[in-house]
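S.K.: Structural data only, the sequence is not supplied:
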């Protein structure tokens, strides 16, 4: 650390001093602020802000001259350690987030399918029109028909090819989507912007991912001499949609496997929304009420317990909180109840009503 630059390096873990202090040009290296016994605070007071001097005095007071090699500190993180994310933020040009890309990565869709849709959206799949743009002169032929001479373009594979249009018609008819699907982006956006029931919205945002994915798998199967019929494609897509619905709405039972029936189920789904009034009840005259709680970071992990005591009209009498040894959630709740009850007994705040937000502790105390 002794050879670090006083003003440019993060030697004090507060960041480069030049960002909030005027450089003092007679001082360049940290070694100039130290002697054989440690820091020279008199010199530091003359050139550094008071908060920096106090920080060094209390946080870095044991530092001294050393023969050990200096260690680099990364100034873009609070820990002074290099991280990939911080380096990436420096190197890349931050662009405005795209709503289209946000929808491509739909909730509940497997990563490989979302990644495939992203590649298709950017037209970087190995099909004829993409290969031409890369000056690759390998041209294949469509195998939808035995005698077909048309090239395998994106539109042909995913929208207009044999059996492909019939697959799209099966899903657009039940979804109420009208109009031809001419271009890939147009087809995707049409599904995204279709007005539908709330529960169907997430399904409509993801369904074209499943359709394109299964059409791509069909294309690959045909290329390798296998066969994948239209009914097989529809079955696989329906299975993907069924899994998505089960993941998004796990409380739904007996979800059908047929697309029109799935649309009908989600359109008619009107969950009951209710509310319950919660209010503080004052104790009877002459009584006290003690509310307890235990907080944690991890299980087990760092724990805090707290309690507060109120009179019969809700006026606060006493409140306290303290840190306890690392333990489990249930132990933290138990300690909070014990400490609060013990305070009430020691200070003659009886009779008292104990309240806790832990149902497990209530059941334990009641013997359930």
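M.R.: All right, it came through fine. Computed from a prediction, not measured in an experiment: that's the story for all the values here.
S.K.: Skip ahead from whichever helix or strand residue 101 is part of and say which helix or strand is next.
M.R.: Here residue 101, judged by DSSP states H and E, is contained in helix 99-104. Sequence order places helix 111-121 as the next helix or strand after helix 99-104, per DSSP H and E.
S.K.: buried ones in that next one?
M.R.: 113-114, 116-117, 120-121 (16 or more other CB atoms under 10 Å). Heads up, the C-betas are built off the backbone N, CA and C, glycines and all.
S.K.: try stretch 212-221
M.R.: By 16+ other CB under 10 Å, the buried positions in stretch 212-221 come out as 212-216, 218-219.
S.K.: what does that stretch contact?
M.R.: Stretch 212-221 has contacts (CB atoms under 8 Å, 6 or more residues apart in numbering) with 113, 116-117, 120, 125, 152, 157-158, 164, 167, 227-228, 232-233, 236-237, 240.
S.K.: one step back: pull out the buried residues from the helix holding residue 101.
M.R.: By 16+ other CB under 10 Å, the buried positions in helix 99-104 come out as 103-104.
S.K.: Ok, stretch 262-276 next?
M.R.: Using 16+ other CB under 10 Å as the burial criterion, the residues of stretch 262-276 that qualify are 262-263, 265-266.
S.K.: Let's have the residues you listed in JSON lines, adding distance to residue 176 and secondary structure.
M.R.: JSON lines is the format used below for the buried residues of stretch 262-276 (distance: CB to CB, whole Å; DSSP: H, G, I helix; E, B strand; the rest coil):
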{"residue": "262", "distance to residue 176": "14", "secondary structure": "helix"}
{"residue": "263", "distance to residue 176": "9", "secondary structure": "helix"}
{"residue": "265", "distance to residue 176": "15", "secondary structure": "helix"}
{"residue": "266", "distance to residue 176": "13", "secondary structure": "helix"}
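S.K.: Return the member of those nearest to residue 55.
M.R.: residue 266 (58.3 Å; CB to CB).
S.K.: Am I right that the closest one is in contact with residue 248?
M.R.: No - look at residue 266 against residue 248 with CB atoms under 8 Å: they stay out of range, at 9.8 Å.
S.K.: got any residues that touch both of the two?
M.R.: The contact sets of residue 266 and residue 248 overlap at residue 203 (CB under 8 Å, 6+ apart).
S.K.: Can you tell me which residue is spatially central in the chain?
M.R.: What sits nearest the mean C-alpha location of the chain, by CA atoms, centre = their mean, is residue 107, with 11.1 Å.
S.K.: now that residue, nearest residue through space, not along the chain?
M.R.: Spatial nearest neighbour of residue 107, chain neighbours left out: residue 202 (6.4 Å); criterion: CB to CB, 6 or more residues apart in numbering.
S.K.: how big is the angle separating the helix or strand where that neighbour lies from helix 111-121?
M.R.: Per DSSP H and E: residue 202 is located in helix 198-223. Here helix 198-223 runs at an angle of 80 degrees relative to helix 111-121 (axes from the mean of the first three to the mean of the last three CA atoms, to 10 degrees).
S.K.: where does the stretch 151-300 of the chain dip in pLDDT?
M.R.: Applying pLDDT under 70 to the stretch 151-300 of the chain picks out residues 151, 271.
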